[in-house]
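Q: here is a sequence together with a model predicted from it:
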Amino acid sequence: MTPAPASKVRHAVGRIRWYVRELTGESAYDHYVTHTRACDPTTEPMTRRAFERARMDAREADPREGFRCC
């Protein structure tokens, strides 16, 4: 039995959403939390805000990551 057209559309939209999140780095925090909980379940992961701040600080500290003038 073939899936209904609506489920095909939902599946395609889900795959596109996954791709865009991976491409833009939006899923980095989710990967971080998964990794942190897998490696040491007793450690509390950083909040999203703290994670993004640490990520931005690391990016700005490394000149190979790109230049940001402002």
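A: Okay, I see it.
Q: what mean pLDDT does the helix ranked longest in the chain get?
A: For the chain, the helix that runs over the most residues, judged by DSSP state H, is helix 5-24. For helix 5-24, mean pLDDT is 91.
Q: can you pull the buried residues of that helix?
A: Of all the residues in helix 5-24, not one is buried under the rule 16 or more other C-beta atoms under 10 Å. Where C-beta positions appear, they are placed from N, C-alpha and C, glycine not excepted.
Q: offset the numbering so it begins at 35, please.
A: Sounds good: first residue 35 from here, last item helix 39-58.
Q: summarise which helices and strands it is packed against.
A: When contacts are defined as 3 or more C-beta pairs under 8 Å, 6 or more residues apart in numbering; DSSP states H and E, helix 39-58 packs onto no helix or strand at all.
Q: put the alpha carbons of it into CSV.
A: Extracted C-alpha coordinates of helix 39-58, given in CSV (Å, rounded to 0.1, in the frame of the first residue of the first chain):
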residue,chain,number,x,y,z
PRO,A,39,-0.1,12.2,-0.6
ALA,A,40,-0.3,14.2,2.6
SER,A,41,2.1,11.9,4.4
LYS,A,42,4.5,12.2,1.5
VAL,A,43,4.4,16.0,1.7
ARG,A,44,4.9,15.9,5.5
HIS,A,45,7.9,13.6,5.0
ALA,A,46,9.4,15.9,2.4
VAL,A,47,8.8,19.0,4.5
GLY,A,48,10.4,17.2,7.5
ARG,A,49,13.5,16.3,5.4
ILE,A,50,13.8,19.9,4.1
ARG,A,51,13.5,21.2,7.7
TRP,A,52,16.2,18.8,8.9
TYR,A,53,18.5,19.9,6.0
VAL,A,54,18.0,23.6,6.6
ARG,A,55,18.7,23.2,10.4
GLU,A,56,21.9,21.3,9.7
LEU,A,57,23.0,23.7,7.1
THR,A,58,22.5,26.8,9.2
